[in-house]
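J.: sequence and predicted structure are below.
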Amino acid sequence: MVQEYKNIAIIGAGASGSLCAYFLLNNLTPSQPSPSREGVSITMFDKGLPLRTLLPTGGGRCNLAHAEYDPRELAKNYPRGEKFLYSVFSKFSTCDTLEVFEKMGIKCYTQENGRIFPESNSAKDVRETILANIKNAQFVKEEVVKITPIDGGFKVNTTSPHPTPPHPGKESAYFFTDVILAIGGHSGLKLAQEMGIKIIEQKPSLVGLNTKENFKELSGTVIKNVKSDDIIDDILFTHFGVSGPLIYTLSSLKAFDNIPYKLYIDLAPELLDLQKDLNIYPHKDIKNILNKYLPQKIISFILKDIVSETTKAHQINGKIRDLILNTIHNFNINITGTNKGEETVTAGGIDLNEINPKTMEIKKIPNLYAIGEILNIDGFCGGYNLQNAWSTAYVCAEALSNK
Ligand SMILES: Cc1cc2nc3c(=O)[nH]c(=O)nc-3n(C[C@H](O)[C@H](O)[C@H](O)COP(=O)(O)OP(=O)(O)OC[C@H]3O[C@@H](n4cnc5c(N)ncnc54)[C@H](O)[C@@H]3O)c2cc1C
């Protein structure tokens with residue numbers, strides 16, 4: 001059988017684009033070697049350095065997956081994309097990620113909370129290892145500004161990045177049989193929109209939230225294991241509002257809610273019987289009774305509108321006790337926005353109805369594919385977003401290799 005020559009462009013050399021190049025070049029799966037990829041050339045375009053987006057991941061340690069090995073359970077961690085990912089994860093899931101990275105020379109370990117990291121704890125190492133494994137792909141440091149479907153493939157127009165006025169960036173045009181869009185969630189979606197692909201408006205997710213309340217005096221205070229909407233995790237008060245793991249999760253679940261909205265937080269779910277504490281320690285200041293449950297700064301913040309913090313326990317009557325309890329268990333926060341530029345991922349992107357989940361091909365534009373965060377898929381914190389990048393990259397590369 002004569003194999004048709006494929007000249008593939010990958011637009012975006014981030015997590016998904018780079019792994020897709022790896023799969024295409026190394027043909028393919030962790031467990032299933034296949035014939036060599038002669039007859040394929042791969043060109044990666046990026047307006048910046050390849051895989052620079054990996055460097056800040058996991059605080060520089062690269063939380064590259066999550067120890068959930070059941071594909072359906074894994075998919076539950078994506079507020080957008082769960083059903084679509086059933087099919088994707090049935091082809092490439094957490095085990096496969098570990099196998100592929102091990103094959104590249106990256107051994108991983110699992111933290112107590114299920115987050116998976118490279119043993120080196122270094123995103124830089126992961127980046128360098130992946131890059132060493134895809135050096136047979138051609139890399140072009142140019143920004144893609146337009147993609148036009150033409151007979152037999154696509155015309156890809158680029159400009160050299162960072163033109164300095166009055167000198168415009170140098171423009172070039174290239175031709176490819178297949179194009180993979182892997183531009184992530186942070187660069188806008190004009191390229192896709194111009195080809196008539198339906199887009200779901202992008203919203204920031206996994207992000208700190210601005211509040212109407214001024215929490216400056218609490219800035220830097222963390223309260224562990226607070227509860228909201230049945231989620232228990234830590235909250236961090238900041239100069240702009242609130243942040244930390246709980247808020248990241250809520251920002252994801254509420255990414256499409258109309259702002260402003262209110263959050264109700266139980267700051268001390270384990271505080272069940274304040275009256276008992278008041279009875280046991282009648283001569284203790286109320287602030288010292290509460291500091292078993294809450295940091296001192298937040299106690300002062302809560303008590304300031306209710307009662308002096310040096311009021312003795314026996315002086316706290318039922319009405320004041322209930323006021324204190326209500327403020328602690330129903331701490332009310334008015335959300336006025338998301339903290340601009342802090343978002344870890346974007347919710348929204350290419351409408352999943354436009355994509356064949358078995359191939360990642362855009363249904364109405366044959367030979368055009370989309371992978372990674374450009375899709376209307378986003379997960380919680382914990383390695384899920386990189387898993388989406390690796391898995392969709394795999395499915396796309398598999399489809400291209402089988403064509
Ligand atoms: C600070 C931070 C920490 C994170 N930590 C984690 C973590 O620990 N675990 C986890 O699972 N996820 C994490 N994420 C999310 C994860 O990094 C992304 O979901 C993932 O990188 C998305 O991969 P991608 O390939 O779709 O896009 P990206 O990795 O963003 O890559 C897109 C690439 O496309 C290029 N590009 C864009 N437009 C063009 C154009 N027109 N022409 C040419 N090139 C273009 C960009 O320069 C970029 O290199 C983190 C994100 C951030 C911001």
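T.: Yep, that arrived. All of these numbers come straight from a predicted model, not from anything done at the bench.
J.: look up phi and psi at the residue in the stretch 51-200 of the chain that the ligand sits nearest to.
T.: Nearest residue of the stretch 51-200 of the chain to the ligand, counting by Cβ to the nearest ligand atom: G184, 2.6 Å away. In this view, the C-beta of every residue, glycine as well, is placed from N, C-alpha and C. Backbone torsions of G184, given as degrees, to the nearest 10, read phi 70, psi -170.
J.: V40 versus that one, what's the distance?
T.: Distance of G184 to V40, given as Cβ to Cβ, to the nearest Å: 24 Å.
J.: check contacts around L294.
T.: I223, L267, A268, I302, I328 (Cβ atoms under 8 Å, 6 or more residues apart in numbering).
J.: what residues are up against the fourth one?
T.: So the one you mean is I302. Counting by Cβ under 8 Å, 6+ apart, I302 makes contact with L267, L290, L294, I324, T327, I328, F331.
J.: in the stretch 301-403 of the chain, what residue comes closest to the ligand?
T.: For the stretch 301-403 of the chain, Cβ to the nearest ligand atom, closest residue to the ligand: G372, 2.3 Å.
J.: isn't that residue right up against A393?
T.: Yes. Contact criterion Cβ atoms under 8 Å: G372 and A393 qualify, at 7.0 Å.
J.: skipping its backbone neighbours, what lies nearest A313 in space?
T.: L278 (4.3 Å; Cβ to Cβ, 6 or more residues apart in numbering).
J.: just the ones of the contacts of I302 in strands?
T.: F331 (DSSP state E).
J.: got the contacts of I302 as TSV, with distance to L19 columns?
T.: Shown next, in TSV, are the contacts of I302 (distance: Cβ to Cβ, whole Å):
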residue	distance to L19
L267	41
L290	50
L294	44
I324	52
T327	48
I328	46
F331	42
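J.: which of the contacts of I302 fall within helices?
T.: Counted as lying in helices by DSSP state H, out of those, are L290, I324, T327, I328.
J.: what about G59, neighbour count?
T.: Per other Cβ atoms under 10 Å, the neighbour tally for G59 reads 9.
J.: I'd say R321 and Q275 touch.
T.: Yes. Taking contacts as Cβ under 8 Å, R321 lies within contact range of Q275: 6.3 Å.
J.: just want to know which of these two has more residues nearby.
T.: A count of neighbours by other Cβ under 10 Å puts R321 above the other of R321 and Q275, at 17 against 13.
J.: the more buried one: what secondary structure?
T.: Of the three states, R321 takes helix under DSSP: H, G, I helix; E, B strand; the rest coil.
J.: re earlier: three-state assignment of the residue nearest to A313?
T.: The three-state label given to L278 by three-state DSSP is helix.
J.: isn't it right next to I289, touching?
T.: Yes. Using Cβ under 8 Å, L278 is in contact with I289, at 6.7 Å.
J.: so what's in contact with the two at the same time?
T.: Listed as contacting both L278 and I289 by Cβ under 8 Å, 6+ apart are A313.
J.: quick one: which helix or strand includes N388?
T.: Secondary structure assigned from DSSP states H and E places N388 in helix 384-402.
J.: appreciated, that's everything.
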